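Peer 1: My questions concern the predicted model and sequence given below.
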Amino acid sequence: MSEETYTLVTGASSGIGRAVAIELSKRYNLVLSGRDAARLEETKSSCNVEAEICLYPFDLGNVDDLSESIATLIKDKGIKISSFVHCAGVSRLLPVRSTKLGDLRDTFNTNVFAPFLIVQALASRRINGDALKSVVFISSNISNRGAKAFTAYGASKSGLDGLMRCLAVELAPNVRVNSVLPGAVRTRMTESIFANKEVVTRMKSQYPLGLGNVSNIADAVSFLLSGKASWITGQQLTVDGGATIDITG
């Protein structure tokens, strides 16, 4: 485990972000980011005790202050960040007629603009030296598809994957950038969907390997950050139990 560099995980207070943090703490020192400091402490308590862990409570929707905040974090903690996993996300299920401009702004602030600003800061030699080596965005399998009431969310995830590809080209060969596209995974953000038994039954029938869990996503992230993925960049790794390839009528 490196004593000099850290992995930044956003959305680390619950769900996929918490699972990612716990898994990565086996090999990396961590900076855990989320809006709720108390829940970040809960995540920290579940991590490997040998990992050095810094807490970074911040609302990523506050994009105007994000770049300066990242620079201050690195300077004040005296650390370098070698990898970044963006798990934070906003999902508002609204039909088109009910979607306001503010809903789009809030969704894109957290899902697209925040990860861009964080990568921009971490790729700055003035702020982070040459430490940054790998980035993973948690996208969604809706990125390449469509669904009712997912307009803002789906558009933001498509934007996130477009950002991923462009960053992968521009930051190569020093930094690898990839995304993981989860299918249906039960988290705090998706609890309302899983509360509908009819929807869950339908989803189960559409997943050849059954519904997934957060550890499936954490394992994929761990792989993409590792040396075993050293020749992989600019790629969408879909982890959805085969749902998006099943065209059975």
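Peer 2: Nice, I can see it.
Peer 1: and the gap between residue 64 and residue 109?
Peer 2: For residue 64, the distance to residue 109 equals 10 Å [Cβ to Cβ, to the nearest Å]. Every C-beta, even on glycine, is put in place using the N, C-alpha and C of the backbone.
Peer 1: quick one: which of the two has more around it?
Peer 2: Between residue 64 and residue 109, counting by other Cβ atoms under 10 Å, residue 109 is the more crowded of the two (20 against 11).
Peer 1: That one against residue 63, yeah?
Peer 2: Yes - the criterion here is Cβ atoms under 8 Å, and residue 109 meets it with residue 63 at 5.0 Å.
Peer 1: Common neighbours of the two, please.
Peer 2: Residues touching both residue 109 and residue 63 (Cβ atoms under 8 Å, 6 or more residues apart in numbering): none.
Peer 1: quick one: least confident helix or strand in the chain?
Peer 2: helix 191-194 (a mean of 64; mean pLDDT, DSSP states H and E).
Peer 1: Run the chain-centre distance for the helix or strand just after that helix.
Peer 2: Remark: after helix 191-194, the chain's next helix or strand is helix 197-206, criterion DSSP states H and E. Distance of helix 197-206 from the chain centroid (Cα atoms, centre = their mean, to the nearest Å) equals 25 Å.
Peer 1: Outside of the following helix or strand past helix 197-206 itself, which residues are in contact with it?
Peer 2: The helix or strand immediately downstream of helix 197-206 is helix 214-225, counting by DSSP H and E. Outside helix 214-225, the residues that touch it by Cβ under 8 Å, 6+ apart are 7, 15-16, 18-20, 22-24, 27-28, 83, 85, 134, 136, 138, 176, 178, 180, 182, 185-187, 229, 232, 237, 239.
Peer 1: helix, strand or coil for the nearest residue to residue 92 once chain neighbours are set aside?
Peer 2: In this structure, residue 92 finds its nearest non-sequential neighbour in residue 103, 5.4 Å apart by Cβ to Cβ, 6 or more residues apart in numbering. Under the three-state scheme (DSSP: H, G, I helix; E, B strand; the rest coil), residue 103 adopts helix.
Peer 1: Residue 77 versus residue 103, what's the distance?
Peer 2: 34 Å.
Peer 1: Which of those two has more residues huddled nearby?
Peer 2: A count of neighbours by other Cβ under 10 Å puts residue 103 above the other of residue 103 and residue 77, at 16 against 13.
Peer 1: wouldn't that one be in contact with residue 96 here?
Peer 2: No - taking Cβ under 8 Å as the definition, residue 103 is not a contact partner of residue 96, at 10.8 Å.
Peer 1: end to end, how far does stretch 75-87 reach?
Peer 2: Using Cα to Cα, to the nearest Å, one end of stretch 75-87 lies 23 Å from the other.
Peer 1: Right, I'll leave it there.
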